[in-house]
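Asks: the sequence isn't on hand, but the structure is:
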DNA sequence: TTATAATTTTATAACAATTACAATTTTATT
DNA sequence: AATAAAATTGTAATTGTTATAAAATTATAA
Ligand SMILES: [Mn+2]
Ligand SMILES: [Mn+2]
Ligand SMILES: [Zn+2]
Ligand SMILES: [Zn+2]
């Protein structure tokens, strides 16, 4: 809805990815559904539009996207990986009740600690776990 | 080597865990091998001492330990979980070359960001990824 | 001690996410 | 149109983990 096909194509090409139909659809889904979906979420959701879609293609595409820096893969203490179209450094909060994953800005400078002097740090994950306000309010009613 | 059986028993009892042989062995392993091992690491290593050991028991024990706060489970962008006998808040660095996991002290106050006001935060993971100094030196030789 | 119950451990099968692989389809090039 | 390259698919394999029920061990009571 937000992006024209042309824009999506340019986005992929800019990231050195040939814009196939499936790749465009997955990119579009990720841009319009910023919920940190799993591969299965994406697969299930696109099945209406692309009835021949295979789960392998979803994995292939997401692996390619991760390779080219289009998505960041999230490990949030669960067995399924999640995919984030926002690759800039930011924190994640996972609610253990509703399983929603919230973004937050990291409120301190993430400098390399002196214990890691001489290490190359390419990637940083900051993950919080607990119960979100929504779920806390829900529980209050009982 | 470091701990007497008596000390290990007390440690488990203090955490509300009945000290069975397997539990003591796994605890001892975790205390003496602070390498953030996987369930398989632990299983393989104890097989000499306990030839009848089953992997299910290792998982059962680690689940129990996690439940009782004796270990912290780590999700480090890999499919296998790792287990840390140090449950105090600290950061982890995973080297993508040698797969070693290093500890580091978190060099800032991990206060709850204002975006998460009203959220209950029970757990925090801070994970860095990259190449450790060891592996960087190794590579330099070529 | 013996009997009985509770707990722990084991072996095996089931499960679920991901990956491997080769065949098919689609797209690009000549 | 013919050919080559790339993308997609279906299927099977792999892997870490979990479920389940039987067997072994340990605790409790008679
Ligand atoms: Mn995010
Ligand atoms: Mn640690
Ligand atoms: Zn919630
Ligand atoms: Zn290394």
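Replies: Now that the structure is in, tell me what you want to look at. Predicted model only: the values in this text are computed from it and were never measured. Ligands and ions are numbered 1, 2, ... in the order given.
Asks: and the least confident helix or strand in chain A by mean pLDDT, which residues are buried?
Replies: The weakest-scoring helix or strand in chain A, judged by mean pLDDT, DSSP states H and E, is helix A:133-140 (a mean of 87). Within helix A:133-140, the residues that count as buried by 16 or more other C-beta atoms under 10 Å in any protein chain shown are residue A:135. In this view, the C-beta of every residue, glycine as well, is placed from N, C-alpha and C.
Asks: just the helices in chain A please.
Replies: Applying DSSP state H to chain A gives helices spanning A:5-14, A:21-32, A:39-46, A:55-67, A:133-140.
Asks: with distance to residue B:85 added, can I get those helices in TSV?
Replies: Shown next, in TSV, are those (distance: least, C-beta to C-beta, whole Å):
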stretch	distance to residue B:85
helix A:5-14	45
helix A:21-32	38
helix A:39-46	33
helix A:55-67	32
helix A:133-140	31
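Asks: looking at those helices, which is nearest to residue B:127?
Replies: helix A:55-67 (16.4 Å; C-beta to C-beta).
Asks: do the closest one and chain B come into contact?
Replies: No - residues of helix A:55-67 are not located near chain B by C-beta under 8 Å from any C-beta of the partner chain, the shortest gap being 10.6 Å.
Asks: and if you look at stretch A:100-107?
Replies: Yes - applying C-beta under 8 Å from any C-beta, one finds stretch A:100-107 touching chain B at A:102-107.
Asks: is ligand 1 within reach of that stretch?
Replies: Yes - counting by C-beta under 5 Å from the ion, ligand 1 has neighbours in stretch A:100-107: residue A:103.
Asks: and that stretch, is it in reach of DNA strand C?
Replies: No - using C-beta under 7 Å from any atom of the strand, stretch A:100-107 stays clear of DNA strand C, with a minimum separation of 14.3 Å.
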